[in-house]
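> Show me how the following folds:
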Amino acid sequence: MEGKVMRKIWERCALRRDIAKEFLAEFLGLFVLVVFGCGAMAQMTLARRIAGDLMTVHVGFSVGLTMAVYVSGGVSGGHVNPAVSLAMVLLDRLPLKKFPVYVLAQFLGAFVGSCVVFALYHDALMSHGGGQLTIWGVNATAHIFASYPARHLSAGNGFLDQVVATGMLTLCILAVTDGDNMGAPRGMQPVSIGLIILGIGSTMGLNCGYPINPARDFGPRVFTALAGWGKGVFRFGGYWWWIPVVAPMVGGAVGAATYLFLIGLHHSELHRRRVAPHRVAPQQVREDLSNQKSTDMSRLTLPCCAGV
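A predicted model of the protein is given here:
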């Protein structure tokens, strides 16, 4: 009886269209990332570094991204970042028509994640700032949700910072998921991607806190503008807000192009066909494989998900 009930629920509620499933997967992925990452920032800030420090923030974002990819990877590819989605479009691994759907889902997931972090730490936020939500100063809390530049940072240097950091992220993701390269064992790619974030946070966080994700930065920033911090979240730092939105997109494209031209294009054709046999005619695959005495047909596998 219970099985019949569950079957009826599944038949009524299960989505049929792939794009709807992918939308929900990217939404939930960003939600998980922001709850873990911004939650770590909130704990460090509101406890005045007694219950956390920069390393716990790095770990929070790393674990958050790892879990986000585990949550969404099998459905949408686990992009959870518009810059990664753009890279997949440029590499012909994601149809262009799906790109705006992914970006919208990512933005909304980050926005809702910010709502949850705000609700979770509402009383602590009010206590920390004496009832005031401020952007700068000893009691500032806006940086819990979005990035802001350090005093020494110029707009040009900040733009370069985000291009380089996001380029490194994209390049390393492509390496981790490249079946023609060493790659990571199946099921371990999310862990490897989380370690990339740990590395970036430990080495490239000084200037502006390594946002490297337009949705993760812009969604929470919009939330803070609506929740009480005001329009200053967009004006602060000489209208800094657009840099962590635009520069990571450039960095994602640069990182993808770098990996493609220095590594991806130089894999042997036969090896590529073993990994992605669906991209060539079956007869051509059989002919090529028959010429290799050591070929093992069991090595023919489909490529891994585009963004995992």
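> residues making contact with stretch 139-157?
The contact list for stretch 139-157, computed with CB atoms under 8 Å, 6 or more residues apart in numbering, reads 38, 41-42, 45-46, 114, 117-118, 125, 128-130, 132-136, 158, 161, 206-211, 217-218, 220-221, 223-224, 229, 233, 236-238, 240-241, 243-244. To be clear about C-beta, it is placed using only N, CA and C from the backbone, and glycine gets the same treatment.
> In three-state terms, how would the nearest residue to residue 206 once chain neighbours are set aside be classified?
Distances taken as CB to CB, 6 or more residues apart in numbering place residue 150 nearest to residue 206, at 6.8 Å, with adjacent residues excluded. Following DSSP: H, G, I helix; E, B strand; the rest coil, we place residue 150 in the coil state.
> Neighbours of residue 150, how many?
By the measure other CB atoms under 10 Å, the count of residues near residue 150 is 12.
> Then residue 227?
18.
> Just read off the phi/psi values of it.
phi -90, psi -10 (degrees, to the nearest 10).
> separation between it and residue 214?
Using CB to CB, to the nearest Å, residue 227 is found at 20 Å from residue 214.
> what do you get for residue 47?
Distance from residue 47 to residue 214, by CB to CB: 29 Å.
> These two: which has the busier surroundings?
residue 214 (27 against 13).
> dump the residue contacts of the more buried one.
Contacts of residue 214 (CB under 8 Å, 6+ apart): 81, 82, 83, 244, 245, 246, 248, 249.
> Can you pull the phi and psi angles for the residue nearest to residue 206?
phi -70, psi 160.
> Same question for residue 184.
phi -120, psi 150.
> Run a quick neighbour tally on it.
Under the criterion other CB under 10 Å, the count of neighbours that residue 184 has is 19.
> Pull the most distant pair out of the contacts of residue 214.
Maximum pairwise distance among the contacts of residue 214 (CB to CB): 14.1 Å, between 81 and 246.
> So which of the two has more stuff around it?
Using other CB under 10 Å as the criterion, residue 81 and residue 246 rank with residue 81 on top: 31 against 14.
> Report pLDDT for the closest residue in space to the more buried one that isn't next to it in sequence.
Excluding the flanking residues, the one nearest residue 81 by CB to CB, 6+ apart is residue 213, at 4.6 Å. pLDDT, residue 213: 98.
> Which residue ranges of the stretch 201-308 of the chain form helices?
214-227, 232-239, 243-262, 269-275, 282-290 (DSSP state H, counting those that start in this stretch).
> Looking at those, which is nearest to residue 54?
Residue 54 lies closest to helix 214-227 among these, at 17.6 Å (CB to CB).
> Give me the buried positions along that closest one.
214-225, 227 (16 or more other CB atoms under 10 Å).
> what angle do it and helix 232-239 make?
120 degrees (axes from the mean of the first three to the mean of the last three CA atoms, to 10 degrees).
> OK, contacts around the residue nearest to residue 38 when sequence neighbours are not counted?
Spatially, and ignoring its direct neighbours in sequence, residue 38 is nearest to residue 117 (4.6 Å; CB to CB, 6+ apart). Residue 117 makes contacts with 34, 35, 38, 39, 42, 144, 145, as judged by CB under 8 Å, 6+ apart.
> Can you add pLDDT and secondary structure and give the residues you listed back as TSV?
Listed next are the contacts of residue 117 as TSV, based on pLDDT from 0 to 100; DSSP: H, G, I helix; E, B strand; the rest coil:
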residue	pLDDT	secondary structure
34	98	helix
35	98	helix
38	98	helix
39	98	helix
42	97	helix
144	98	helix
145	98	coil
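> continuing past the helix or strand hosting residue 86, what's the next helix or strand?
Counting by DSSP states H and E, the element that carries residue 86 is helix 82-90. Toward the C-terminus, helix 82-90 is succeeded by helix 99-120 as the next helix or strand (DSSP H and E).
> Can I get that following helix as CSV, trimmed to CA atoms?
The C-alpha trace of helix 99-120 is given here as CSV (Å, rounded to 0.1, in the frame of the first residue of the first chain):
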residue,chain,number,x,y,z
PHE,A,99,22.5,29.3,-20.1
PRO,A,100,20.0,32.0,-18.9
VAL,A,101,18.0,29.3,-17.1
TYR,A,102,21.0,28.1,-15.2
VAL,A,103,22.0,31.7,-14.3
LEU,A,104,18.5,32.6,-13.1
ALA,A,105,18.4,29.4,-11.0
GLN,A,106,21.9,30.2,-9.5
PHE,A,107,20.9,33.7,-8.7
LEU,A,108,17.7,32.7,-7.0
GLY,A,109,19.4,29.9,-5.0
ALA,A,110,22.0,32.4,-3.7
PHE,A,111,19.3,34.9,-2.8
VAL,A,112,17.2,32.4,-0.9
GLY,A,113,20.3,31.0,0.8
SER,A,114,21.1,34.6,2.0
CYS,A,115,17.5,34.8,3.5
VAL,A,116,18.2,31.6,5.5
VAL,A,117,21.5,32.8,6.8
PHE,A,118,20.0,36.2,7.8
ALA,A,119,17.1,34.4,9.6
LEU,A,120,19.5,32.0,11.3
